[in-house]
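Asks: Just the structure for this:
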Amino acid sequence: MRWTRHPLTRAAALAASVYLVIAYAEERSFFFWVGLVLVALNVTGILAQARSSRRGARPRPVRADPDADAARLSELLHDPAIAAGWATAPAYWVRVTDPDDPDGRHDPTDDVVPAAVLARHVRVALQVAEESEWHVVVEAAAQPFLDLDATDGDDAVLGFLRAHPLVAEAQHEQRGVYVVRLHRAVALDRFARLAARALAAGQVQAASRLR
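Replies: The predicted structure is shown next:
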């Protein structure tokens, strides 16, 4: 029962156990040994509860509404197909462009970042439903991990998108925004699979040029 795990209940039980040990210490009677066992059990339980509290409950991942028309990529990685697309790049992405760091405070540890972290800074959104127009938005935190200054013909993200049979047109309209028009309407998760693979292809190509 949950009430038996309450800190006050455990403290009271420990106090009662200690009392038995002290009260019957000279006699070493049955109650002394019962109290000793109860002290050990209560101390073990309190320590285990303290360790559990320090660890805390694992936060549940934020998940997008399956009927939504916009989401961060991190909210969609519970979908095996989207996660698999994102995993076509390494688990850790490498910075491929120089940071905007006029003060010289750049931290080298920021040059390699988990892909799961960067997924928080990528958004996919349906912009014009009638034309099946989607936007892939790469926010500032993720931009240094893609070559967003590449020409159209050398942009691996665009190349992947344009080669896909579902895509009618793809353009890199702003530094961190790809505009994609599809031949037909699809759900958010379907487009996110495509976007995840396209961005992963961009990281793989850009990182390979650093070697």
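Asks: All the strands of the chain, residue numbers only.
Replies: Applying DSSP state E to the chain gives strands spanning 70-72, 92-94, 112-114, 122-128, 133-138, 167-174, 177-182.
Asks: Which of those strands sits closest to Asp79?
Replies: Asp79 sits nearest to strand 70-72 of all the strands of the chain, at 10.6 Å, using Cβ to Cβ. Glycine gets a C-beta too; all of them are placed from N, C-alpha and C.
Asks: Just give the strands next to that closest one in its sheet, each with its orientation.
Replies: strand 122-128 (antiparallel) (DSSP bridges).
Asks: Which positions within the partner strand qualify as buried?
Replies: Of the residues in strand 122-128, Val122, Arg123, Val124, Ala125, Leu126 count as buried by neighbour count, 16 or more other Cβ atoms under 10 Å.
Asks: what stretches of this structure score poorly on pLDDT?
Replies: 1-21, 23-43, 45-67, 99-109, 211 (pLDDT under 70).
Asks: Asp189: what's its closest spatial neighbour, skipping adjacent residues?
Replies: Asp79 (5.4 Å; Cβ to Cβ, 6 or more residues apart in numbering).
Asks: what number of residues lie near that neighbour?
Replies: Neighbourhood size, Asp79 [other Cβ atoms under 10 Å]: 19.
Asks: likewise Val179?
Replies: So Val179, with other Cβ under 10 Å, has 17 neighbours.
Asks: Ok, the one 5 residues further on next?
Replies: For Arg184, the number of neighbouring residues by other Cβ under 10 Å comes to 7.
Asks: try Ala68
Replies: 14.
Asks: re earlier: would you reformat the buried residues of strand 122-128 as TSV and include distance to Arg193?
Replies: Shown next, in TSV, are these (distance: Cβ to Cβ, whole Å):
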residue	distance to Arg193
Val122	13
Arg123	15
Val124	10
Ala125	15
Leu126	15
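Asks: Select, out of the strands of the chain, the one closest to Gln205.
Replies: The nearest among the strands of the chain, by Cβ to Cβ, is strand 92-94 at 11.7 Å.
Asks: So which other helices or strands are in contact with the closest one?
Replies: Packing partners of strand 92-94 (3 or more Cβ pairs under 8 Å, 6 or more residues apart in numbering; DSSP states H and E): strand 112-114, helix 115-118, helix 188-208.
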